[in-house]
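> Sharing a sequence plus its predicted fold:
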Amino acid sequence: MQDAVTLKEFQQRIDATYGVRDRARGIDGTFRWLVEEVGELARALREGDGGRLEEEFGDVLAWTVSLASLCGVDATRAAARYAAGCPKCDSAPCVCRGESG
Ligand SMILES: [Zn+2]
């Protein structure tokens, strides 16, 4: 297993692996799979199953970049939204009040 992969490489790898199937399934169906995977992550969190967390996070990341590819969104550019910290207050840590904790 490769231990260091950039987000760009990850999105390309997932597209090479599942892109044909994802494009056949379409955006709506792929979005439903992402939601299903988020549900599995929720279950692992609720059950305190630490052993499954890494796997479930991996699946959520994979489906997230899959869906981004289907929508023509470059995940690296999307992540760059947070390059300077919070995109709303441009600070790290965020100093917005009453939002996202
Ligand atoms: Zn903020």
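On my side now, so go ahead. Numbering: from 1, shown residues only.

> who in this protein is up against the ion?
Within reach of the ion by CB under 5 Å from the ion, the chain has these residues: 86, 88, 89, 94, 96. Heads up, the C-betas are built off the backbone N, CA and C, glycines and all.

> same thing but at 8 Å, please
Residues of the chain that fall close to the ion, judged by CB under 8 Å from the ion: 85, 86, 87, 88, 89, 90, 91, 94, 95, 96, 99, 100.

> Now do the SS call for the third one.
Right, residue 87. Taken by DSSP: H, G, I helix; E, B strand; the rest coil, the conformation at residue 87 corresponds to coil.

> I'd like the distance between residue 62 and residue 94.
When distance is defined by CB to CB, to the nearest Å, residue 62 is 27 Å away from residue 94.

> Report the rounded mean pLDDT for stretch 35-43.
In this model, stretch 35-43 has an average pLDDT of 97.

> Great, nothing more from me.
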